[in-house]
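> following is a predicted model, sequence given first.
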Amino acid sequence: QVQLVESGGGLVQAGGSLRLSCAASGIIFSINNMGWYRQAPGKQRELVATITSGGNTNYADSVKGRFTISRDNAKNTVYLQMNSLKPEDTAVYYCNAFIVTTYLSDVSYRYWGQGTQVTVSS
């Protein structure tokens with residue numbers, strides 16, 4: 001069984017910073033893409049940022065220049081550094097990862113974390 005556990009959310013004033021972490025554990029042979037999504041009240045879940053196993057990154061336009069995604073492959077962990085936070089960044093943030101759980105397999109399965117609340121006050 002694979003688990004993704006997020007941490008680092010909280011309440012911060014506009015202009016402040018937070019760093020989210022998401023650690024994968026369980027039977028893991030490799031991890032392909034990892035990413036962060038968010039869902040604000042009354043809105044659909046949206047992509048925030050993704051990172052490949054090789055370190056290539058992709059960001060939503062709304063967070064470019066403010067957020068940085070990174071990963072530590074040795075720790076099976078993905079991070080999201082969020083700077084210059086705005087009230088519109090308020091949401092539950094979810095990490096996800098495509099994980100290979102079978103030895104010598106090319107098949108990866110998508111797993112989600114439980115979510116961590118980020119609240120930015122004005």
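Yep, it's here.

> all contacts plus neighbour counts: C-alpha atoms, from now on.
Will do.

> quick one: the helices in this protein, in order.
Under the criterion DSSP state H, the chain carries no helices.

> centroid-nearest residue for this protein?
W36 (2.8 Å; Cα atoms, centre = their mean).

> excluding residues flanking it in the chain, which one is nearest it?
C95 (4.4 Å; Cα to Cα, 6 or more residues apart in numbering).

> I'd say the one you found and G115 touch.
Yes. Between C95 and G115 there is a contact at 7.2 Å, judged by Cα atoms under 8 Å.

> which neighbours do those two have in common?
Counting by Cα atoms under 8 Å, 6 or more residues apart in numbering, the contacts common to C95 and G115 are E6.

> and the two? which has more neighbours close in?
Under the criterion of other Cα atoms under 10 Å, the comparison of C95 against G115 puts C95 first, with 30 against 22.

> give me every residue that touches that one.
L4, E6, C22, M34, G35, W36, Y37, W112, G113, G115.
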